[in-house]
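J.: Fold the following, please.
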Amino acid sequence: MKEGQNTEWKASWRDEYLKWLCSLANAQGGVLEVGRNNKGEVVGLKDAERLMEELPNKIRDLLGIVVDIELSDEGGLSYLRITVEPYPVPISYKGEYHYRSGSTKQVLKGAALDRFLLGKTGKCWDAVPVPNVEINDLAAAALARFREHAAHANRLETGVLKEEGDSGLIEKLRLMENQYLKRAAVLLFHPDPERFFTGASIKIGYFDSETELRYHDEVGGDLFAQVSKTMDLLMTKYLKAVISYEGIQRFETYPIPEGALREAVLNAVVHRDYAVAAQIQVRVYADRLKIWNPGRLPGGWSLEKLLGQHPSQPSNPDIANAFFRAGEIESWGRGIQRIFEACQEAGIPEPTIQVEPQIGIEFVFSEAYIESVVATGIRSTVIADGRTGRDSGKTTQETTQETTQETTQETTQETTQEKILALLRENPELTRKELADHIGITADGVKYHLANLNKAGRVRHVGSTKGGHWEVIDDGKM
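T.: Sure, this is the predicted structure:
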């Protein structure tokens, strides 16, 4: 026997233990036993009868709740068993809200207190009204884009999408509270939701190591635009595709299936905790990609439940409903399963998921992909397109990155090796770096191809490692 979510032991009574009763009432209810030590052993309570008379009134006056108190006996030793029911309204002790989590008591503050108080009133964070924001303040382009996507998904009545104005559409999406727009409406359709909610954006960075950042972007705007822009940046700037051909048909293979990556980004945007003033972070490395989401699991959920079959229980129901109507997500709680299935079909490692202290998902690139990137010497070029971007609220030049997988004419491995052979026939003294500069791949890529040519008997190295040269053996003959 041990303490847990619904059980707490105290050897004697102190008035400060009213905090523990408060925490049980605010959570799932439970039992506080007085006269039992932290090992669960009954040690007896000398003033048990007096406490039986005093505590009911004290608890009622200071906490505003009614509890059951039972005087029990074990081995001739008395102890009190105080049973607390879970309360549908928030309970405070001297202005503080305490909450039972596992076998610990927490004082709720900040975003956690906000969520708790809203939950006790039956509301979620995204359903709270926002004053001083009108429908005319929302982005017309965002609303028009939503109508287009919702019409294609066929999840809203045609009449609403084609005949209703913006006010009617917002009402249909349940994004109004009396005459006020809800927080969800501002996040979904306002051109600058960070004006109202700090951290309501996405930061993407490419890292050479955990501490060395090479370049980054910040993605703002309405939530639909954030998803679209983030995917565009990841697929064109941050992730490198391996090129292959079947006849004249060209194929691009990315380290993560686009569907799995999109589902992960959508999950982060839809389910994050917007009460926390922190951005979603996407960290890209040469061998992996991580998405960190300032969110939390629903109450009583575990990682095991998240990974198994479960009903949909979104943290932001109004935001989730809008994304569902737009055809961006499903409403069956299968997002995580879809990510795993897409990775399995692509033959890449399953991602790992973390739920504490914040929610994160990590995709590890396959060894075959990493070897292919080195083999083809994929390099990328940053091209400034002169558009206006965002950087900590300032206007900067937004950059996009075009990933190139082409050598001077073609990118197949056979063609690259033929180019190396042609260059070495003309000048056997060329170094790996000089060959890389001629062909347009990395020095590591040249090293990879030379090793394969050597194994195939097409070239051999003559002389010392630093001062020697490569000799081409045509048709594999000495």
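J.: C-alpha from now on. contacts and neighbour counts both.
T.: Fine.
J.: who's residue 462 bridged to?
T.: residue 469 (DSSP bridges).
J.: give the contact list for it.
T.: When contacts are counted by CA atoms under 8 Å, 6 or more residues apart in numbering, residue 462 is found next to 468-471.
J.: Kindly report the same for residue 285.
T.: Taking CA under 8 Å, 6+ apart, we find residue 285 in contact with 206-209.
J.: And residue 67, by the same measure?
T.: 56, 59, 82-85.
J.: wait, which of the residues you listed is closest to residue 40?
T.: Closest to residue 40 out of those is residue 82 (15.2 Å), distances taken as CA to CA.
J.: Can you check my assumption that the closest one lies in a strand?
T.: Yes - when the secondary structure is assigned by DSSP: H, G, I helix; E, B strand; the rest coil, residue 82 falls within a strand.
J.: how close does the residue nearest to it when sequence neighbours are not counted sit to residue 54?
T.: In space, not counting the residues next to it along the chain, residue 82 is nearest to residue 69; the distance is 4.5 Å by CA to CA, 6 or more residues apart in numbering. The spacing between residue 69 and residue 54, counted by CA to CA, to the nearest Å, is 11 Å.
J.: okay, those two: which has more neighbours?
T.: Set residue 69 next to residue 54 and count neighbours by other CA atoms under 10 Å: residue 69 wins out with 19 against 10.
J.: Dump the helix or strand harbouring that one to PDB, restricted to CA.
T.: Using DSSP states H and E, the secondary-structure element containing residue 69 is strand 68-74. What follows is strand 68-74 as a C-alpha-only set of coordinates in PDB (Å, rounded to 0.1, in the frame of the first residue of the first chain):
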ATOM      1  CA  ASP A  68     -17.100  12.800   5.400                       C
ATOM      2  CA  ILE A  69     -15.000  12.100   8.500                       C
ATOM      3  CA  GLU A  70     -14.800   8.600   9.900                       C
ATOM      4  CA  LEU A  71     -13.100   7.600  13.100                       C
ATOM      5  CA  SER A  72     -11.400   4.200  12.500                       C
ATOM      6  CA  ASP A  73      -9.300   1.800  14.600                       C
ATOM      7  CA  GLU A  74      -6.500  -0.500  13.700                       C
END
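J.: Quick check: mean pLDDT of it?
T.: For strand 68-74, mean pLDDT is 92.
J.: got it, and stretch 151-161?
T.: The pLDDT scores in stretch 151-161 average 89.
J.: ok so, going back, settle this for me: the residue nearest to residue 82 is touching residue 84, isn't it.
T.: No - taking contact to mean CA atoms under 8 Å, the distance of 9.1 Å between residue 69 and residue 84 leaves them out of contact.
J.: Tell me how many other residues surround the residue lying closest to residue 225 once chain neighbours are set aside.
T.: Residue nearest to residue 225 in three dimensions, not counting chain neighbours: residue 142, with 7.7 Å by CA to CA, 6+ apart. Look at residue 142: counted by other CA under 10 Å, it has 19 neighbours.
J.: Which of the helices or strands spans residue 142?
T.: Taking DSSP H and E as the definition, one finds residue 142 inside helix 140-153.
J.: Can you spell out which helices and strands pack onto whichever helix or strand comes after that helix?
T.: Proceeding N to C from helix 140-153, the next assigned helix or strand is helix 158-162, under DSSP H and E. Applying 3 or more CA pairs under 8 Å, 6 or more residues apart in numbering; DSSP states H and E, we find helix 158-162 packed against helix 140-153, helix 166-172.
J.: ok, longest helix in the chain?
T.: Using DSSP state H to define each element, the chain has its longest helix at helix 48-63.
J.: Report all helices and strands that that one contacts.
T.: Looks like helix 48-63 contacts helix 18-26, strand 68-74, strand 77-84 (3+ CA pairs under 8 Å, 6+ apart).
J.: so can I have TSV of those showing distance to residue 215?
T.: Formatted as TSV, the entries for the helices and strands packed on helix 48-63 read as follows, by distance: least, CA to CA, whole Å:
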stretch	distance to residue 215
helix 18-26	46
strand 68-74	61
strand 77-84	54
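J.: what residues are up against residue 159?
T.: Counting by CA under 8 Å, 6+ apart, there are no residues that residue 159 touches.
J.: If you could redo that for residue 167, that was the one I meant.
T.: Applying CA under 8 Å, 6+ apart as the definition, the contact partners of residue 167 turn out to be residue 135.
J.: Could you do residue 356 as well?
T.: With contact taken as CA under 8 Å, 6+ apart, residue 356 is in contact with residue 296.
J.: Same check on residue 88?
T.: When the contact criterion is CA under 8 Å, 6+ apart, the partners of residue 88 are 26, 120.
J.: Residue 15: how many residues sit nearby?
T.: Residue 15 has 9 neighbours, counted by other CA under 10 Å.
J.: go on, residue 436?
T.: Other residues near residue 436 come to 20 when the count uses other CA under 10 Å.
J.: from the contacts of residue 462, which is closest to residue 346?
T.: In terms of CA to CA, no member of those lies closer to residue 346 than residue 470, at 38.9 Å.
J.: I'd like to know how far that closest one sits from residue 460.
T.: Residue 470 sits 6 Å away from residue 460, taking CA to CA as the criterion.
J.: Likewise for residue 221?
T.: Where residue 460 is concerned, residue 221 sits at a distance of 57 Å (CA to CA).
J.: and what of residue 350?
T.: 41 Å.
J.: secondary structure class for the nearest residue to residue 78 once chain neighbours are set aside?
T.: Counting by CA to CA, 6+ apart, residue 44 is the residue found nearest to residue 78 once chain neighbours are left out, at 4.9 Å. State at residue 44, reduced to three classes by three-state DSSP: coil.
J.: Residue 44 and residue 72 touch, don't they?
T.: No - the pair residue 44 and residue 72 fails to qualify as a contact (CA under 8 Å) at a distance of 9.9 Å.
J.: Between those two, which contacts overlap?
T.: With CA under 8 Å, 6+ apart applied, the overlap between the contact sets of residue 44 and residue 72 consists of 78-79.
J.: The two: who's more crowded?
T.: Taking neighbours as other CA under 10 Å, residue 44 and residue 72 compare with residue 44 leading, 22 against 15.
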